[in-house]
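[1] Next comes the sequence, and after it the predicted model I'd like to discuss.
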There are 2 protein chains.
Amino acid sequence: MLKTPYLLFLGDAPDALSAKVAQGVRDWRPENCVGQFRQEGCKADMGLPDMTIEEAVAAGAKTLLVGVANRGGKISESWNVAFEQALAAGMDVASGLHTQLNANAKLVAMAQEHGQQLFDVRIPQQEFPIATGKPRTGKRCLAVGTDCSIGKMYTAMAVEKTMRERGMNATFRATGQTGILITGGGIPLDAVVADFMAGAVEWLTPDNDADHWDLIEGQGSLFHASYSGVTLALVHGGAPDALILCHEPTRTHMRGLPDYQLPSLELLRDTALVLARFVNPKCEVIGVSVNTAALNDADAEKCLQEIEQRMQLPATDPFRHGADKLVDALSAL
Amino acid sequence: MLKTPYLLFLGDAPDALSAKVAQGVRDWRPENCVGQFRQEGCKADMGLPDMTIEEAVAAGAKTLLVGVANRGGKISESWNVAFEQALAAGMDVASGLHTQLNANAKLVAMAQEHGQQLFDVRIPQQEFPIATGKPRTGKRCLAVGTDCSIGKMYTAMAVEKTMRERGMNATFRATGQTGILITGGGIPLDAVVADFMAGAVEWLTPDNDADHWDLIEGQGSLFHASYSGVTLALVHGGAPDALILCHEPTRTHMRGLPDYQLPSLELLRDTALVLARFVNPKCEVIGVSVNTAALNDADAEKCLQEIEQRMQLPATDPFRHGADKLVDALSAL
């Protein structure tokens, strides 16, 4: 678990998109952000106070969180200087970059010297058991998609937020590096060894209060040729009581697979339900989360209505219109 | 790839079952076995000439293959002495044990000194790419099961053997440590990092002659809560043209999951086909392989007839009755 609150490191981000991890933390855990650290040329802005390392430590920051993606896999020298300053000033450093902090001998030595930690959240921090398939107490909801990168994380985040606003007992469970950085904990499922995937998901979503909801971050898609195995481990390890189908209506092919059309929502519903019910016979599909970012207001509205009629399920864009429809359906289970 | 032929190391195997890896090599690759190496108290016998290390080297043996499972994860001192002798005499040593040969510093040093290799086949020997989902030339058959440890490897082995006897162009593709030791190559799929599982299977079954069959060793089951993700990576990475359903009619619950009934053959057929056809629309289920080891001749025959009628598919126990029915069906595709 990462120590909060964070100083968000934006570095010399060339545009807003390259700082999307920082944006995620800002959007979903504003209470965990004391400020932002920007270097010369930075084009991203989270609307947080700009702070030096020293000012952030004085404001209580415990972790410098790398909220920007680097180009070409290299960490620039100016970034490393800032990481060293943070360690020397008493902060941990956490990153989801491909290039590991722990591969930099100077940073490792400085962390040791100052008693701080370097977190590479793409790397599992522990060994996981083989899944047992045993029922657990509490309730679980998993977002499954017609494709990768289609809004599954934002859907689970939005449902958690709405549930908490209603005073419900809910926890987002991160299964990827962005989610881990945003919430401070979770498992980088795509980096877990195959035999232990489902066991890692069981570990992440243990017995809980009867009225507690785990909102499990989905990964990949049951129909994505590259990553479907990771998705099925989530379906069986998560043993969800509820599935939310996630879709992006304007996508012309599956991500990274130019020759693959997306599966229909009906095919996803039927296939995911058969597999999920083998482990949790009570599992239901409770709604559709549609990423309408590419549509104007009228087209988004039309698209959602069409999907509601066709699927006979509540459909919403939880980022655009809120997650109330989905939370209503979950509460009614 | 392991160097052949092998000297099969049986050690002090307390019974025949503990030497099942050696039995698999003996059954499926007798041409790769020059002899067996037994220690005091050994209760297993492959019917091969007993040889000392020196005799085996003189007979051409290139690899000492550990064909026996150890109890409690420890390798006894007498085993290590034999491994050291083999290295000194000019043989590689290959093992699928949980305890790694490469974790033994003395063996590592001796292997280096003598220019020999230690193979721990449970550990992937390389990095694999992300799967591309692109069609490949040649044909592929995958065995999928209603459970783990139900005869998928023996089914693929038996189909390969019958195809080769008929002069067909066929290769068994190992995806687990026993299959790797038997055939000398393959991937330990359950030890591959999640994101690369399907890519590893694509790598294992590359473009080939139009009339060539890959017989892919299955793993787990699409309905096994612990390992289903590994299975789906095989279905999508293998992009099979043909599926063989594997079943054991007397099993009362899924392996390691006492509260789970096996799925029906119908459920397995329908679910596997939907998922497989998303990557290879031509995929067909061509037959059922039934492990009848627990049945007498009359009951086995009755069971096979019942399954043939119910499923309208050829059904056979390929280890007991040969794989001709399955090869006929594959040839007719």
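    Everything's here; your move.
[2] A:G41: neighbour count?
    10 (other C-beta atoms under 10 Å in any protein chain shown). Bear in mind the C-beta positions are built from the backbone N, C-alpha and C, glycine included.
[3] Now do the contacts for it.
    With contacts defined as C-beta atoms under 8 Å, 6 or more residues apart in numbering or on different chains, the neighbours of A:G41 are A:D12, A:P14.
[4] now it: how far from B:V57?
    As judged by C-beta to C-beta, to the nearest Å, A:G41 and B:V57 stand 66 Å apart.
[5] ok, which residues in the stretch 1-150 of chain A are in contact with chain B?
    A:I130, A:A131, A:T132, A:G133, A:K134 (C-beta under 8 Å from any C-beta of the partner chain).
[6] Go through these and say which is closest to B:Q309.
    In terms of C-beta to C-beta, no member of those lies closer to B:Q309 than A:G133, at 32.1 Å.
[7] I figured that closest one hits B:L257, correct?
    Yes - between A:G133 and B:L257 there is a contact at 4.8 Å, judged by C-beta atoms under 8 Å.
[8] between those two, who's got more neighbours?
    Neighbours per residue (other C-beta under 10 Å) separate A:G133 from B:L257, with A:G133 holding more: 24 against 20.
[9] Just give the nearest non-adjacent residue to the more buried one, would you?
    If the residues on either side of it in the chain are set aside, A:G133 comes closest to B:A225, at 3.2 Å by C-beta to C-beta, 6 or more residues apart in numbering or on different chains.
[10] now the residue most central in space within chain A, nearest residue through space, not along the chain?
    The centre of chain A sits closest to A:G179, judged by C-alpha atoms, centre = their mean, with a distance of 2.9 Å. Of all residues beyond its chain neighbours, the one nearest A:G179 is A:E217 (4.8 Å), with distances taken as C-beta to C-beta, 6+ apart.
[11] go on, A:S221?
    Here the nearest residue to A:S221 in space, its sequence neighbours aside, is A:G145; by C-beta to C-beta, 6+ apart that works out to 4.9 Å.
[12] what are the bridge partners for that neighbour, then?
    A:C246 (DSSP bridges).
[13] and the gap between it and chain B?
    When C-beta to the nearest C-beta, to the nearest Å is applied, the distance between A:G145 and chain B equals 14 Å.
[14] my read: that residue touches A:F223, true?
    No - proximity of A:G145 to A:F223 does not meet the contact threshold set by C-beta under 8 Å, at 9.1 Å.
[15] Which residues are in contact with each of those two?
    Overlap between the contact sets of A:G145 and A:F223, as judged by C-beta under 8 Å, 6+ apart, is given by A:L268.
[16] Okay, and the closest residue to A:W28 other than its chain neighbours sits in which element?
    Spatial nearest neighbour of A:W28, chain neighbours left out: A:M157 (4.9 Å); criterion: C-beta to C-beta, 6+ apart. Mapping A:M157 onto the secondary structure by DSSP states H and E places it in helix A:152-165.
[17] and if you look at A:M46?
    Counting by DSSP H and E, A:M46 is part of no helix or strand.
[18] For it, which residues are in contact?
    So A:M46 contacts A:L8, A:L10, A:A19, A:A22, A:Q23, A:R26, A:C33, A:Q36, A:G67 (C-beta under 8 Å, 6+ apart).
[19] wait, the residue nearest to A:G179 sits on A:G185?
    No - taking C-beta under 8 Å as the contact criterion, A:E217 and A:G185 are not neighbours in contact, 11.7 Å apart.
[20] ranges for the helices of the stretch 151-300 of chain A?
    A:152-165, A:177-183, A:197-204, A:228-238, A:265-279, A:297-311 (DSSP state H, counting those that start in this stretch).
[21] now the stretch 1-150 of chain A
    With DSSP H, counting those that start in this stretch as the criterion, the stretch 1-150 of chain A has helices spanning A:20-28, A:53-58, A:77-89, A:105-114.
[22] Could you pull up the mean pLDDT of the first one?
    Confidence over helix A:20-28 (mean pLDDT, whole number) is 93.
[23] The second one now?
    The average of the pLDDT scores along helix A:53-58 is 98.
[24] same for it, what does it pack against?
    For helix A:53-58, the helices and strands in contact under the criterion 3 or more C-beta pairs under 8 Å, 6 or more residues apart in numbering or on different chains; DSSP states H and E are strand A:33-38, helix A:77-89.
[25] Give me the angle between the shortest one and helix A:20-28.
    Put plainly, it is strand A:33-38. 150 degrees (axes from the mean of the first three to the mean of the last three C-alpha atoms, to 10 degrees).
[26] ok, residues contacting strand A:33-38?
    The contact list for strand A:33-38, computed with C-beta under 8 Å, 6+ apart, reads A:5-13, A:22, A:25-26, A:44-46, A:48-53, A:55-56, A:59-61, A:64, A:82.
[27] Among those, name the buried ones.
    A:5-13, A:22, A:25-26, A:44, A:46, A:48, A:51, A:53, A:56, A:61, A:64, A:82 (16 or more other C-beta atoms under 10 Å in any protein chain shown).
[28] before we move on, the earlier item: and the residue nearest to A:S221, how many neighbours does it have?
    Other residues lying near A:G145 total 30 when counted by other C-beta under 10 Å.
[29] residue ranges with poor pLDDT in the stretch 51-200 of chain A?
    Counting by pLDDT under 70, the stretch 51-200 of chain A has low-confidence residues at A:72-73.
[30] 90 instead?
    In the predicted model, the stretch 51-200 of chain A carries pLDDT under 90 at residues A:69-76, A:98-99, A:125.
[31] could you list every residue that touches the nearest residue to A:C303 once chain neighbours are set aside?
    Spatial nearest neighbour of A:C303, excluding adjacent residues (C-beta to C-beta, 6+ apart): A:P249 at 5.2 Å. A:P249 makes contact with A:V290, A:N291, A:T292, A:A294, A:L295, A:C303, A:I307 under the criterion C-beta under 8 Å, 6+ apart.
[32] Same question for A:A329.
    The neighbourhood of A:A329, defined by C-beta under 8 Å, 6+ apart, consists of A:A242, A:I286, A:G287, A:L313, A:P314.
[33] Verify the stated contact: the last one with A:V285.
    No - between A:P314 and A:V285 no contact is recorded; they are 10.5 Å apart, counting by C-beta under 8 Å.
[34] quick one: which of the contacts of A:M46 is nearest A:T231?
    The shortest separation between A:T231 and any of the contacts of A:M46 is 25.1 Å, and it belongs to A:Q23 (by C-beta to C-beta).
[35] now A:L64: how far from B:A69?
    A:L64 sits 49 Å away from B:A69 when distances are taken as C-beta to C-beta.
[36] Same question for A:A298.
    As it turns out, when the distance is counted by C-beta to C-beta, A:A298 lies 66 Å from B:A69.
[37] Looking at those two now, which is surrounded by more residues?
    It is B:A69, of A:A298 and B:A69, that has more neighbours when counted by other C-beta under 10 Å, with 17 against 8.
[38] which residues touch that one?
    For B:A69, the contact set (C-beta under 8 Å, 6+ apart) comprises B:S18, B:A19, B:K20, B:V21, B:L97.
[39] Most neighbours of all those residues, which one?
    Neighbour-wise, these (other C-beta under 10 Å) top out at B:A19, 27 neighbours.
[40] That residue contacts B:N70, correct?
    No - applying C-beta under 8 Å, one finds B:A19 not in contact with B:N70, separated by 11.3 Å.
[41] Distance-wise, check the most far-flung residue of chain A relative to its centre relative to A:N104.
    Residue distances from the centre of chain A (C-alpha atoms, centre = their mean) peak at A:E113, which lies 32.2 Å from the mean C-alpha position. According to C-beta to C-beta, A:E113 stands 14 Å off from A:N104.
[42] Same question for A:Q126.
    Going from A:Q126 to A:N104 by C-beta to C-beta gives 22 Å.
[43] Next: A:K282.
    For A:K282, the distance to A:N104 - C-beta to C-beta - is 48 Å.
[44] More neighbours: which of the two?
    Counted by other C-beta under 10 Å, A:K282 and A:N104 do not tie: A:N104 has more neighbours, with 17 against 13.
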